[in-house]
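>>> mind folding the following:
(one chain, ligands or ions: 2)
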Amino acid sequence: MITQILGYPRIGAQRELKKACEAYWAGKITEKELFEVGSEVKRSNWKVQQEAGIDWIPSNDFSFYDQVLDMSLTVGAIPKRYQPLLDNRVSKTDLYFAMARGFQQNGHDIIAMEMTKWFDTNYHYIVPEFSKDQEFHLFSSKVIDEYTEALEKGIQTKPVLIGPVSYLLLGKEKETGFHRIELISRLLPVYLNILSVLKNIGATDIQFDEPFLALDLTEKEKEAFHYAYKKIAEVFPEANIIVTSYFGALEDNLETAIQLPVKTLHIDLVRAPEQLDSVLDILPSGKKLSLGIVDGRNIWKNHFDASLQLIEKAINVLGEDRIVIAPSCSLLHVPFDLDSENDEDTLPVTIKNWLAFARQKVKEVKTLALLSDSATKASYLPELEENRAAIAHRSSSSLIHRPEVKQRVSDSTPNDAEREHPYSIRRLKQEALLNLPLFPTTTIGSFPQTPEVRKLRFDYKKQRISETRYHTALESEIIEAIRWQEAIGLDVLVHGEFERNDMVEYFGEQLHGVAFTRFGWVQSYGSRGVKPPIIFGDVSRKAAMTVKWTSYAQSLTDKIVKGMLTGPVTILQWSFVRDDQPRKTTTEQIALAIRDEVADLEKAGIKIIQIDEPALREGLPLRKRDWKVYLDWAVNAFKLSAAVVQDETQIHTHMCYSEFNEIIESIAAMDADVITIETSRSQMELLEVFSEFKYPNEIGPGVYDIHSPRVPSENEMETLLHKAVNLLSARQIWVNPDCGLKTRKWEETKIALERMVNAAKSIRKKHKVEA
Ligand SMILES: Nc1nc2c(c(=O)[nH]1)N[C@@H](CNc1ccc(C(=O)N[C@@H](CCC(=O)N[C@@H](CCC(=O)N[C@@H](CCC(=O)O)C(=O)O)C(=O)O)C(=O)O)cc1)CN2
Ligand SMILES: [Zn+2]
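Ligands and ions are numbered 1, 2, ... in the order given. I've put the predicted structure just below:
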């Protein structure tokens, strides 16, 4: 039985790639040294897969920043604003990083390409930009080089490319008058060119990722699929072209997918096991089917018996030769290696025994293949027994269940999710209590995470400094932050989140039913990573999580300090979630834990509480018809976490990285008194929908983009505020950045926020009359 891996994590077991990239950007290492680190990561990944006995091992799944950006360079889709860099002959590497991160050097000021979420994951890709007269040509030979690199190490690999249709659909039109899918006939020659080179140098298996096959497609897009793969088959008819779909079912695209003239089709049987029957019914003879059966999006051990049943069903119809065993998608979304976790205090052995990371998943794929093969099955029965024991142990473990939590969820009533009075009444009470000016200024929560602050946390975790010393040091950070916010005249202050490693992990560490890791890093974007908590059981709060720091900050000032929490949907979405109960139930449990924290903050005298939900939009199901069900429970979970407060307490929420147009009704239904949102990159375009919808509550449209070190002028921010005033009423508007400032430096932050406060002051003057 054949086995394959669709993609392997590339950050390195000890995040070597992050360290190397950041050192290269800081000018501390050369390009050659950077490439050496890359080569070592690739070599070690290939070796893991080769040693496990995987047949189709991927190449070109490695990337220094992002695989979609790699494709843009491959096909020469380089936006015109980078032309000066080409003219100045900067290296391809520097051009590549400039496209990802912007380029402010040697008199250039070129902004980065946009970044957005990769489907419903917490991975962000660089959005390709297309113009109407877009031309493509083979610009970077990375895919060819990586294939050769592996071959030189004695490993025959399967080059991976983002398929031509998905590549276009991932991008964005930068002018009107065309749809990007119309570019297919111009794009395709580059793909064909690559194929003929790969053919000449001996590649036989080539993977094209087409995740859009699991999304709603128009007729035109379906036609593009037929057109592209017909041409591809013509150029290289002998090749084993593998088209992959993942993150959902093919459904109405099933016909399109199975008719493509390619040798192998990959389907996701983790998200959509029910599609196996319909695929088996109509798969044309001679085609192989790759069964995505090991979860590439979660970290639970595979349930071998359940998988073997599906595999057997497929064998009965197709025979062993036409079946490929695989993970559901690339392993990019799971951490490297569970074997690195050997600290009982972080991840207890009991729970570790329920898990599989990338390296373990590779082995699972191979073991499943061996167990489904009549020739080898008998020798692998001990592995099957071991798996059965682990699965049984998890499902019967007392660690998972907390009856009082289940009881509380089932006892909660719709009324618990409603504030005492509607916004129109709350608003008056809040105005009287808070006494804020028109256009109040605030920030989104975090202040720069300096190397010193990170080291402080690190030293404390390693028990190199005492708790007292750690707390005193954090207190002095808070004092400084409060004094500085007062000095520049911000209206609503924050404590700065210095105690938090991450907005989700920090809460995960303090909840029952959640485990965490030491090295479980997953790439979020570029060199940035997260260590998603592992929600394994019923969730509840152990003790107050944020009250100490928030109250301390409040005790230092007469201004209002805003409490800062992460919302239930975001905690769910950015964690590895248990698969033994509906996500809705898990979210309700988290919501009740956050509700307790909200209640405690209010009790401690905190008058404004922000509950961040940046992942609400990302949690949307990929198919539109499933949206409503999700939005109903997601919005309800947020409300359940918030609605415990009295009318006078102002609830804020914050969202970023999202298009809100299609979910404006749900945003309104969250009924937060104030929402702060990312808008500056779209020049307030986003507010139009709030305006059309006549959104009644208050809004803080971000007036500057925190993702770039660039500091906007006071004028720019004031102009954006004028746009906002034209769309909304002045009394609704707050003034704030797009998102938290943790990735910025203090020097940028200070100037930017001073200018922001000044912009608010000048717009206040102009609106005095109206007020
Ligand atoms: N979970 C999550 N998802 C999110 C976001 C987010 O904030 N959180 N924001 C959006 C964008 N995504 C982002 C993801 C990560 C980071 C980020 O800054 N990540 C940091 C790590 C943050 C962290 O957990 N830091 C820890 C651990 C730091 C660390 O590396 N420690 C070293 C030692 C450091 C030392 O010696 O000083 C080690 O453990 O080896 C801490 O500060 O405490 C990074 O990759 O550099 C930013 C945005 C969307 N998704
Ligand atoms: Zn944000």
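>>> enumerate the residues of this protein near ligand 2.
Proximity of the chain to ligand 2, by C-beta under 5 Å from the ion, involves residues Pro614, Cys656, Cys739. Yep, even glycine has a C-beta here, placed from its N, CA and C like the rest.
>>> report the buried residues of stretch 692-703.
For stretch 692-703, burial by neighbour count (16 or more other C-beta atoms under 10 Å) applies to Tyr695, Asn697, Glu698, Ile699, Gly700, Pro701, Gly702, Val703.
>>> one step back: which of the residues of the chain next to ligand 2 has the weakest pLDDT?
Confidence by pLDDT is poorest for Cys656 among the residues of the chain next to ligand 2, given 89.
>>> what's near enough to touch His266?
Leu6, Ile242, Val243, Thr244, Ser245, Tyr246, Leu289, Ser290, Gly292, Val324, Ala326 (C-beta atoms under 8 Å, 6 or more residues apart in numbering).
>>> can you count the residues close to the fifth one?
Taking other C-beta atoms under 10 Å as the neighbour definition, Ser245 ends up with a count of 28.
>>> I'd guessed it sits against Thr256; true?
No: contact criterion C-beta atoms under 8 Å: Ser245 and Thr256 do not qualify, at 10.2 Å.
>>> shared neighbours, these two?
Leu213.
>>> ok, how many other residues are close to Leu85?
Leu85 has 20 neighbours, counted by other C-beta under 10 Å.
>>> and the gap between it and Glu480?
Applying C-beta to C-beta, to the nearest Å, the value for Leu85 to Glu480 is 39 Å.
>>> and the pLDDT at the residue of the stretch 51-200 of the chain found nearest ligand 1?
Distances between the stretch 51-200 of the chain and ligand 1 by C-beta to the nearest ligand atom are smallest at Asn122, namely 5.0 Å. pLDDT, Asn122: 95.
>>> can you check the one 5 residues further on too?
As summarised for this prediction, Val127 has a pLDDT of 95.
>>> how close does the residue of the stretch 51-200 of the chain closest to ligand 1 sit to Ser328?
17 Å.
>>> the more surrounded of the two?
More crowded of Asn122 and Ser328, by other C-beta under 10 Å: Ser328, with 26 against 21.
>>> residue nearest the centroid of the protein?
Taking C-alpha atoms, centre = their mean, the centroid of the chain lies closest to Asn122, which sits 1.0 Å from it.
>>> mind listing the helices for the stretch 51-200 of the chain?
Here the stretch 51-200 of the chain has its helices, by DSSP state H, counting those that start in this stretch, at 67-74, 83-87, 92-101, 142-152, 164-170, 184-200.
>>> quick one: buried residues of the last one?
Buried residues in helix 184-200, counting neighbours by 16+ other C-beta under 10 Å, are found at Ile184, Leu187, Leu188, Val190, Tyr191, Leu192, Ile194, Leu195, Leu198, Lys199.
>>> quick one: which of those is nearest Phe439?
Set against Phe439, the nearest of the buried residues of helix 184-200 by C-beta to C-beta is Leu187 (46.7 Å).
>>> show me what contacts the closest one?
Taking C-beta under 8 Å, 6+ apart as the criterion, Leu187 is in contact with Val75, Phe136, Pro164, Tyr167, Leu168.
>>> if you rank these by neighbours, which is first?
Going by other C-beta under 10 Å, Val75 tops those with 29 neighbours.
>>> which segments of the protein make up each domain?
Using automatic domain parsing, the domain ranges for the chain come out as 2-396, 415-766.
>>> ligand 1 contacts on the stretch 1-150 of the chain?
Asn122 (C-beta under 6 Å from any ligand atom).
>>> same check, this time on the stretch 401-550 of the chain
449, 454-455, 457-458, 501-505, 524-525, 528-531.
>>> and the residues you listed, which two are furthest apart?
Lys455 and Tyr525 (23.5 Å).
>>> who has more neighbours, those two?
Set Lys455 next to Tyr525 and count neighbours by other C-beta under 10 Å: Tyr525 wins out with 21 against 12.
>>> redo the contacts of Leu187 as a markdown table? Include pLDDT.
Supplementary listing: those in a markdown table, determined by pLDDT from 0 to 100:
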| residue | pLDDT |
| --- | --- |
| Val75 | 98 |
| Phe136 | 98 |
| Pro164 | 98 |
| Tyr167 | 98 |
| Leu168 | 98 |
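>>> ok, these vs ligand 2, which is closest?
For the contacts of Leu187, the residue nearest ligand 2 by C-beta to the ion is Tyr167; the value is 27.8 Å.
>>> what's near enough to touch the closest residue to the closest one other than its chain neighbours?
Among residues not flanking Tyr167 along the chain, Met71 sits closest, at 5.4 Å (C-beta to C-beta, 6 or more residues apart in numbering). Neighbour list for Met71: Pro128, Leu161, Ile162, Tyr167 [criterion: C-beta under 8 Å, 6+ apart].
>>> not counting sequence-adjacent ones, nearest residue to the first one?
Read that as Pro128. Nearest residue to Pro128 in three dimensions, chain neighbours excluded: Gly171, at 3.3 Å (C-beta to C-beta, 6+ apart).
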